[in-house]
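**Student:** prediction below, plus the sequence it came from.
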There are 2 protein chains.
Amino acid sequence: MALAYFVGMKISLAQLNYHIGNFGGNAAKMKQAIEQAKADRCDLVVFSELSVCGYPPRDFLEFEDFIEECETVVSDLAKLSHDIAILVGAPVRNPLIEGKDLFNAAIFLHEGEVQHVAKKALLPTYDVFDEYRYFEPADEFDVIEYKGVRLAITVCEDIWNVGNENPMYRTCPMDHLITQKPDLAINLSASPFHWDQANVRTEVVQANVARYGIPMIYVNHVGAQTELIFDGGSLVVGAQGNVCRELPYFKEAQESVTLDHIKAESRDQSNDRNKNQLIHDAIILGLKDYFGKLGFTKAILGLSGGIDSALTAYFAAKALGPKNVKVLLMPSPYSSGHSVSDAEELVSNLGIDAELIRINELYEGFNQTLHPYFKDYDFDVTEENLQARIRGTLLMAFSNKEKYILLNTTNKSEMAVGYGTLYGDLCGGLSVIGDIYKTEVFEICRWINRAEEIIPSHIITKPPSAELRHDQKDSDSLPEYDLLDKVLVEYIENRRGPQEMIEMGIDEALVRRVLRLVNINEFKRYQTAPVLRVSRKAFGMGRRLPIVAKYLS
Amino acid sequence: MALAYFVGMKISLAQLNYHIGNFGGNAAKMKQAIEQAKADRCDLVVFSELSVCGYPPRDFLEFEDFIEECETVVSDLAKLSHDIAILVGAPVRNPLIEGKDLFNAAIFLHEGEVQHVAKKALLPTYDVFDEYRYFEPADEFDVIEYKGVRLAITVCEDIWNVGNENPMYRTCPMDHLITQKPDLAINLSASPFHWDQANVRTEVVQANVARYGIPMIYVNHVGAQTELIFDGGSLVVGAQGNVCRELPYFKEAQESVTLDHIKAESRDQSNDRNKNQLIHDAIILGLKDYFGKLGFTKAILGLSGGIDSALTAYFAAKALGPKNVKVLLMPSPYSSGHSVSDAEELVSNLGIDAELIRINELYEGFNQTLHPYFKDYDFDVTEENLQARIRGTLLMAFSNKEKYILLNTTNKSEMAVGYGTLYGDLCGGLSVIGDIYKTEVFEICRWINRAEEIIPSHIITKPPSAELRHDQKDSDSLPEYDLLDKVLVEYIENRRGPQEMIEMGIDEALVRRVLRLVNINEFKRYQTAPVLRVSRKAFGMGRRLPIVAKYLS
């Protein structure tokens, strides 16, 4: 009899976009999804990790008031669990005095009450994660039986220690749970996007299925939380490793499966895993949610005629609608003629709003004001930075006056080596392409132009220049970008040191020069806007280095 | 026989100022201290936590090259351990594949080799700490015998779970070690300063001595590492709880004791624990090390005539020498007459360099440039911010041209509520008083003036004003600072929520208003300079909150 019911159990995966701390909004979404699951005659609806409060709530978890708000939402949802079971993610209190005060848990609600609490054992505390800052790891593992089906419930990282060459933890929660002979594994996740994450995620779930021999349902968070983008892509994988469902990327979705389906079905390959497409869609979602969740609608940025601001403007127009994007063209005495004409062509292609404001007089004003002090000095980076800071000030004036959020247009290569002016072109509330290397910027622009020319080809083909002095080219002060990016990827993403790179055949002088530039510019990155993360290692919360140090510098 | 030697064992405490990643520099200092200890006929010299690389090395620990450099220093020091034993702090590799790759360890060197490795078990991962990001916790504890004395060696946090009402960990390493009947406990620390830390530290060491009944030697790091200041104050506490030695605060020191002394002596109360004195000395060290370790000598800042920039200028002059400090007085059309005269009086008192640069014309230039776009709008925060950004741009021009580091002059109350202009007065490489509330700024200035008037009294007594519009006062847009600071301390330091504050008798409207201001201004703090930490909870790495959220906002 149990087996007969088993194959018919119907489970709804609710892949939703939460807003951190917006308890009313999150609860309303979850209630709607519960109603939908009931209408679909589901037995169980599964939400993602820390769904009641949004992920990552960070130090809000240290506030009693915040935890009480979480508890209230869980109680409210429990009331809806009479003819369905509900699995929600929430912080729960540690009853012991010893240890951290909270657990990160999946709460199983049924018949109006909490019937089971599955606590997270593996607390990611690396890269962008800080979970041991808040949570005590679980050391007890229990399967719960529901309608004759034995469920092994875990939270996100709990399944990520499987299939690793260098496992970060000394235990695997599923190793304990499997001894209790579960029929189905369910994992509640909030696993942030990077461009290869869909592949990695699928491999991890399949590695778990292979090791434990039971099907797994994996429900992921979708939506952007400041710099972190969650791409969804929730999975249902059968005991044979068959991917029975993969929910869409970058949008909310709710789908249901029966255990019967899980056995038999394999997915249609509907989700495109093209790298450019994924990064593109991630940035769009990142922008949409940054503005939407903060209650802003309009973006402004400086359009230089170069490729970085062009790509940023494209993303803004796509995410917010062209009518909500204004650009300022702000040529200085050192700007080329094509800087304005290229920018104007892009403005026309995108259908965005633009103003041309020459900064010659303001630049002259600063030079005159500073003349008594600087008259014996040559033109140097000071005068270059002045131009960038005048532009930043103009952009911020529009931002203040008309409620635009200023977008930062710096790419990852520039961020890495400090090729940018603090309080100048490094201004902005959000860094849109700060996790995209310059060589990738070119690639994505060409990809965007694959069907029609949206970004004028001259912007893509001309030699990169900051145009802050006569006849300047980026290559005057930086290595060529293909060489630069190679070293940066090894250092930033792959954590390789100088000796390893030299052994790989990279020129030693280049390696030393680039690593030094990266390390001495930590102070600039410290003050730069949050960067939408699309790689495995972005600048910001996932990369933490001292400003004051003497290492490879 | 063992007992006879026991009481005569002589131990040197080396409280040194390390430079993160400066392996050559750190090793040279340690070698000198070892020679000194040998000259003093010591049996053992003890350094602080992670002394070979400096604390906190942060993500440098993820580089193989960095770990190899640490290992090289340890090997070099081992060669000096033939007629003395040496206890150094260093990362060591985890031989197991499972778990994090490193331990945070105290390494006991003697007879030319590593004789014992004591691994840290309690990994602080809260506030400014991220240790579980890098390290595996120890789960084995062994006493080592040296010259007949049984030593229980621990690292920093290992002793901090004792005497807590709400212990953060489920184990106390000393509970395990004490079963092996040690004679002496030694703790290697890198415990950052806040103004009450000397009291807390002494209590913790005494609580350990009381619980375990053996004396304890505690060697702390001294020196500033970007925002974190380590105050030293290394301790020797006898088995009766008697403080036999307390090394100086805020400077390097090396002292030796015999076990005989530890039994018998109590310290002379030489270290002043006056709150103002401690904060004052901490800021001075913070500034000195920020400049010294980065290889800079000169500071610049904007002097408004207000109390915050006055205090910042005082600290800079004291730390770097008046000849190395330049200030710009930059009155705008809205500046009062006394703003310049008060500033000039301070300049004269401090003996620093000053330039008066009126920004009226530059301000007019921006207004004219923006007139076509803004002509239908009223004067608002846009025009206020323009003045602040012009000043920031001028200061940064001097910084670029003449290699000054710009100091940020914002206080903690302003940082908290976002009362400051991003890319304007929030510019600067280091925030000097960003962890000092406005009411504390007044208190410290009065304390500085206790013997003679250094900060002109009119600067202290006049009503605070940003002077960015006619007849402006801070109290036009903020609550009075005594009320504001009360709410801020409860929210930021004490982690109290709105309900708790209302129950304490604080006005509800005030609470809601202030908490909202704090929460909606996270984006500004994200882009502000590192803040010298002097409280239990400073803005920056110790306080991590999402920018995009909807909580109490």
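**Tutor:** Thanks, I have the structure now.
**Student:** burial check on the residue lying closest to A:L422 once chain neighbours are set aside, number of neighbours?
**Tutor:** The shortest distance from A:L422 to any non-neighbouring residue, by Cβ to Cβ, 6 or more residues apart in numbering or on different chains, is to A:K524 (5.3 Å). Any C-beta I mention is one placed from the backbone N, CA and C, and that applies to glycine too. As a burial measure, A:K524 scores 20 neighbours (other Cβ atoms under 10 Å in any protein chain shown).
**Student:** contacts only, for A:K524.
**Tutor:** Residues near A:K524 by Cβ atoms under 8 Å, 6 or more residues apart in numbering or on different chains: A:415, A:418, A:420, A:422, A:426.
**Student:** okay, the one helix or strand it maps to in PDB with CA atoms only?
**Tutor:** Here A:K524, judged by DSSP states H and E, is contained in helix A:522-526. Taking Å, rounded to 0.1, in the frame of the first residue of the first chain, the C-alpha atoms of helix A:522-526 are listed here in PDB:
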ATOM      1  CA  GLU A 522      43.000  46.900  -3.100                       C
ATOM      2  CA  PHE A 523      42.200  50.400  -1.700                       C
ATOM      3  CA  LYS A 524      40.300  51.300  -4.800                       C
ATOM      4  CA  ARG A 525      38.200  48.200  -4.900                       C
ATOM      5  CA  TYR A 526      37.300  48.600  -1.200                       C
END
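**Student:** who are the contact partners of A:F291?
**Tutor:** A:F291 touches A:297, A:299, A:319-320, A:405, counting by Cβ under 8 Å, 6+ apart.
**Student:** which among these end up buried?
**Tutor:** A:299, A:319-320, A:405 (16 or more other Cβ atoms under 10 Å in any protein chain shown).
**Student:** and of these, the nearest to chain B?
**Tutor:** A:I405 (9.2 Å; Cβ to the nearest Cβ).
**Student:** and the closest one, that's in a strand?
**Tutor:** Yes. Under DSSP: H, G, I helix; E, B strand; the rest coil, A:I405 falls within a strand.
**Student:** name whatever forms a beta bridge with it.
**Tutor:** For A:I405, the beta-bridge partners are A:A299 (DSSP bridges).
**Student:** my guess is it meets A:F296, correct?
**Tutor:** Yes. Using Cβ atoms under 8 Å, A:I405 is in contact with A:F296, at 5.2 Å.
**Student:** re earlier: how about JSON lines for the contacts of A:F291, with pLDDT added?
**Tutor:** Shown next, in JSON lines, are those (pLDDT from 0 to 100):
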{"residue": "A:T297", "pLDDT": "98"}
{"residue": "A:A299", "pLDDT": "98"}
{"residue": "A:A319", "pLDDT": "98"}
{"residue": "A:L320", "pLDDT": "98"}
{"residue": "A:I405", "pLDDT": "98"}
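**Student:** any bit of stretch A:116-135 sitting next to chain B?
**Tutor:** Yes. Contact of stretch A:116-135 with chain B (Cβ under 8 Å from any Cβ of the partner chain) involves A:123, A:125-126, A:130, A:132-133.
**Student:** widest-spaced pair of those?
**Tutor:** Pairwise distances across the residues of stretch A:116-135 next to chain B (Cβ to Cβ) peak at 12.0 Å, for the pair A:Y126 and A:R133.
**Student:** more neighbours, these two?
**Tutor:** Neighbour count, other Cβ under 10 Å: between A:Y126 and A:R133, A:R133 has more, with 22 against 17.
**Student:** A:L123 versus the nearest residue in space to the more buried one that is not next to it in sequence, what's the distance?
**Tutor:** Nearest residue to A:R133 in three dimensions, chain neighbours excluded: B:T125, at 5.1 Å (Cβ to Cβ, 6+ apart). Remark: distance between B:T125 and A:L123 (Cβ to Cβ, to the nearest Å) = 9 Å.
**Student:** identify the contacts common to those two.
**Tutor:** Common neighbours of B:T125 and A:L123 (Cβ under 8 Å, 6+ apart) are A:132, B:132.
**Student:** get me the contact residues on the stretch 301-450 of chain A for chain B.
**Tutor:** Contact residues (Cβ under 8 Å from any Cβ) of the stretch 301-450 of chain A with chain B: A:355, A:357, A:359, A:361-362, A:365-366, A:369-370, A:373-374, A:377, A:380-382, A:385-386, A:389-390, A:392-394, A:396-398, A:400-401, A:422-423, A:427, A:429.
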